[in-house]
Structure formats: structure tokens, C-alpha cells
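In: no sequence on this one, just coordinates:
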Ligand code: MRU
């Protein structure tokens, strides 16, 4: 069974699986304020494009609990400040900004003071979570045809249950195939520097009883040249109107290798990850992260601390390398219009 990465706590806090503690421990945390949710997103306790959108929407509701009896003006001012804070945490995943825009629009369209608006926002955040869960399921069902019986899937980073409110995006077809009793095996690239493949994907697949094999990122070329890989399935943080897409650093190299070796390469994402307002990959804002993520590994230095470091968290894969875009609306092709 796949893991449930986010939920409401009985007291109305945002209950998350702390992904920074995996694979050593399965720890849940209750986040009571928008500040706590923003911190959790920044330090990747909560991560993955769809999940950070859901967490931000739920974080607004949790944070606004203490202001819910306020008059409309005060309530909306607090909402704006919290949405700005949450929206400033990570730039690349469009789901985060889409979910916050949806919450702001819902508040603006709801008449009345704090209590009425808060109730409506609470329902909206719940709807964002439920819709994501349903989108993941549909992606899984649509994607089943991409995995042959006894198939071998290669994936990068973590686009599974830990990255969404449901059974994931790139891993959703794998879960559905497994549920249907089909043999499936996943090659997992470890995903330097923060090891989302090793720490999270290998963990959640093993937790669900799905066979997987881990390798370092530098081994993927040799794998594609010498081993059986039927399909590459990766997630996306933002898909531009022309089909270029941003995903975890290392995805682009994998796409080039897949094309070279004639292995189909699919970008798998819910419709909420498509951003028609971003014309192409060059317009996607790419997050750069701290040098220490590259010069050390789990607290131990792996390079001289003064080493100059380049650490983009994402890269852009141009559309020409993509065999297809698997979404909850089936296989779609660019250009993507609003
Ligand atoms: O930095 P992260 O771990 O949030 O990056 C996540 C990814 O790049 C995922 O592949 C992407 O968000 C798709 S998640 C369904």
C-alpha cells in the first residue's frame, strides 16, 4: 500500500510525513502555522510539486484558524501575508503558485467576514487535496498501457506517493500495475545531491512491496546501454506551453540518453503542473540551493568547504526529447493553451 503523505490532524493542523527523516524513520509532524509550513517546504520536509501546493493551501487554513473570527479586512490582510510567505518558499513548481492563487481567488469571491471566508477556504484546500488524489489515480490508470507485462521502468527523483496527495505521478502507473497483479520492476536513480531517489523512491516502493533496484545517477548511461529498460517515467515541476519541462536536476541528461538508446521517455504530471503562461523552458524560474548540499553528505564533508559550487535544484528538458506527456487527461501533446 502507498503511504499517505499529508492529512489534517484532529485539531486542524497540517499533518505531514517528514521526508527529511526518511528512510531511517517514518515521522509525522503537525504544523500549526503558515510559518511552520513554509519552513517545512523550504527544508524539504514536504516536497514534490503537487504536494507543496496542497501543503501551502492547507497551511493557509491552519494558519488562519486563529484569525477566523476577524472582520473581513483584517482576515484578508493576514491571508495575503501568509500566501506571500508560502509562495516565496520555492520558485519552480507551478503547483505551489497555482494552489495559492486558487485560495486567494476563492477568498475574494466569498462574501462575509472571517468565519465565512475561512470555512470556504477550508473546503477549497480539502478539494485541492481530493482532486490531486483523483488526478494521481487517473494518471495511473491512463499510464498502465505504457508498462508491458514484466516491464522495467526507470525513474529519477521521487514522483510517487510522497510527492503528492495520492499515489504519485510518474509512479502512479507502477502502483496501478502492481495492484492489477502485473509484474513490474523499477530502476531508481539515486538523485544527487539530496538523494530523493534513494531515500524516498526506494523507500516507498519497498514499503509497497514493489521490486526496485537503486543505482547512482552516473550509472544510468550504462544501464540504458546494457540492461532492459522499457520506459522512462519522470515527474515535472512545471511544463511550459511548448512542452519544455522542469524537473529534478539530472532529468535532462536522462532524456538525452533515453533518446540516444531508443527508450521511450514520458513526462508524467497532473494538469495542474502545466503552465500555459510560461512560453518555454527558458522562462521557467530555476531554484538554486545551498552549496553545502553539494559539498557534504548527511553532515560529513565530501569536498573542501571553500569549493565553488553550482547547485540548480532543477533542469529543463526540451520538448523534442519527450516521447509523450502523460496526464490525468490521458496522453496529451503541446502546445498547451490556457
Ligand atoms: O526538490 P524536490 O524534491 O521537491 O523535487 C521534486 C521533483 O523534481 C519531482 O520529480 C517533481 O516535483 C514531480 S513530483 C510528482
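Out: Received it, and whenever you're ready, just let me know what you need. Please read all numbers here as calculations on a predicted model, not as lab measurements. Numbering: from 1, shown residues only.

In: where's residue 96 relative to residue 159, distance?
Out: 16 Å (C-beta to C-beta, to the nearest Å). To be clear about C-beta, it is placed using only N, CA and C from the backbone, and glycine gets the same treatment.

In: in the stretch 101-250 of the chain, what residue is nearest the ligand?
Out: The stretch 101-250 of the chain approaches the ligand most closely through residue 235 (2.7 Å), counting by C-beta to the nearest ligand atom.

In: what's around that residue, how many residues?
Out: As a burial measure, residue 235 scores 30 neighbours (other C-beta atoms under 10 Å).

In: so it makes contact with residue 162?
Out: No. Residue 235 is beyond contact range of residue 162, at 11.2 Å (criterion: C-beta atoms under 8 Å).

In: residue 100 is in what secondary structure piece?
Out: Assigned by DSSP states H and E, residue 100 belongs to helix 94-109.

In: and that helix, what does it pack onto?
Out: helix 49-64, helix 72-87, helix 114-143, strand 274-275 (3 or more C-beta pairs under 8 Å, 6 or more residues apart in numbering; DSSP states H and E).

In: deepest of the ones you listed, which one?
Out: Of all the helices and strands packed on helix 94-109, helix 49-64 carries the top mean neighbour count, a mean of 29, counting by mean count of other C-beta atoms under 10 Å.

In: quick one, it and helix 72-87 angle?
Out: For helix 49-64 against helix 72-87, the angle by axes from the mean of the first three to the mean of the last three C-alpha atoms, to 10 degrees is 150 degrees.

In: check whether helix 49-64 contacts the ligand.
Out: Yes. Judged by C-beta under 6 Å from any ligand atom, helix 49-64 and the ligand are in contact via 49, 50.

In: intersection of neighbour lists for residue 235 and residue 162?
Out: Residues touching both residue 235 and residue 162 (C-beta atoms under 8 Å, 6 or more residues apart in numbering): 48, 168.

In: rewinding a little: check whether the helix holding residue 100 comes near the ligand.
Out: No. If you take C-beta under 6 Å from any ligand atom as the test, helix 94-109 misses the ligand, and the best it gets is 8.1 Å.

In: I'd like the average pLDDT over that helix.
Out: Helix 94-109 carries an average pLDDT of 98.

In: quick one, it and helix 114-143 angle?
Out: Angle, helix 94-109 to helix 114-143, by the same axes, to 10 degrees: 140 degrees.

In: in helix 94-109, what counts as buried?
Out: Neighbour counts over helix 94-109 (16 or more other C-beta atoms under 10 Å) mark 94, 95, 96, 97, 98, 99, 100, 102, 103, 104, 106, 107 as buried.

In: that's all I had, so thanks and see you.
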